[in-house]
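Student: Turn this into a structure:
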Amino acid sequence: MRPIALSMGDPAGIGPEIALKLVADPRCDVPVLIIGDAGVLTRARALSGLDVPIRVVASAQDCADTIGVAQILDETSLPEDLPWGQVDGRAGRAAYQYVAKGIELALSNQVAALVTAPINKEALRLGGFPYPGHTEILADLSGTGDYAMMMANDELRVVLVTIHQALRDAIDAVTTEAVSRTLRLTYDALRRSGIDAPRIAVAGLNPHAGENGLMGREDLDIIAPAVQEARVVGIDASGPWPADTVFLRARTGEFDAVIAQYHDQGLIPVKYLGLERGVNITIGLPFVRTSVDHGTAFDIAGKGVADHASLLTALEHARALAGLR
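Tutor: Numbers count the residues shown, from 1 in each chain. A predicted model of the protein is given here:
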């Protein structure tokens, strides 16, 4: 069985600790190949008190069908005094290397899917890689032009039209073409996940979805035409709906997913339901990629108290999307 790759994330954050806790969890029943730093992982094992064997492998092909063992591709040799919980360019550069290697393995079908532990954007920039987040790295290195971020838990699925942009810029980036592209990507992703006839709601940009133009015309002039275009080609899309109620309607079963126009509009309702239950899925890539719904948690890094529940959820989603049993 091909393993699921797990990029370790920022080595100064909680990524190494939750990676170990994941492979030690009896619910982790597929082989996991950690891409990271064996020295950092060993330090994380000591502080967490886990009795997890660490096995360095030379390639994805050397990863055994073994459960309960931290099998790792040792991609970096970070200094032992790299501090926990601090922004560091060395850690940001290493985090990029882990993701890049995971993308390489996924594109060459050496792994069944890629799961990513959290990175720190400031450390990434200090390391010489000014990407705004994982999603943009994944799209760039895989040559993907059309992609979107889906945040999901067992009650709600949300897909973003704009992702990591200042709100002033995000409003300008909400175009009919962008909404149409996000609708198509969402429809295809839901179909691949087993939903034969997805029902997709589109959130409005303005309060009350513009109130028929009284509170801005973007909903009438930009978003509504994209919804109509989707319906013409057979997608069960509706909206724009007022954003203050549409997520509740989806949560109670009226819709299978909600298209949100900007980052916080979509992520607040998902994260409010619990970080430990959320998962980030990049749709539109030529491989399966999922991630945790939280950051590097520098405030608790190195203390052995990090919760791996979101990472376990990300692994379960990756396993299902990759067709692994």
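
Student: how distant is stretch 247-261 from the center of its chain?
Tutor: Centre-to-centre, stretch 247-261 and its host chain are 19 Å apart (CA atoms, centre = their mean, to the nearest Å).

Student: which residues touch it?
Tutor: Outside of stretch 247-261, the residues within contact range by CB atoms under 8 Å, 6 or more residues apart in numbering are 150, 155-162, 170, 174, 179, 182-183, 186, 190, 195, 198-205, 223, 238-239, 241, 243, 246, 266-267, 269, 273. All C-beta atoms are positioned from the backbone trio N, CA, C, and that covers glycine.

Student: same question, stretch 48-67
Tutor: When contacts are defined by CB under 8 Å, 6+ apart, stretch 48-67 is touched by residues 1-3, 5, 17, 20-21, 23-24, 28-31, 33, 38, 41-42, 45, 68-74, 105, 110-111, 304.

Student: and those residues, which are buried?
Tutor: When burial is judged by neighbour count using 16 or more other CB atoms under 10 Å, the buried members of those are 2-3, 5, 17, 20-21, 23-24, 28, 30-31, 33, 38, 41, 45, 69-74, 105, 110-111, 304.

Student: what about the strands in the chain?
Tutor: Taking DSSP state E as the criterion, the chain carries its strands at 4-7, 32-36, 54-57, 70-74, 113-116, 148-152, 157-160, 199-203, 236-241, 257-260, 279-283, 289-292.

Student: what pLDDT, on average, does stretch 225-238 get?
Tutor: Stretch 225-238 carries an average pLDDT of 97.

Student: Now the terminal residues of it, how far apart.
Tutor: 11 Å (CA to CA, to the nearest Å).

Student: Tell me the buried residues in it?
Tutor: Taking 16+ other CB under 10 Å as the criterion, stretch 225-238 shows A226, V227, E229, A230, I235, A237, S238 as buried.

Student: Over to stretch 245-252?
Tutor: V246, F247, A250, R251.
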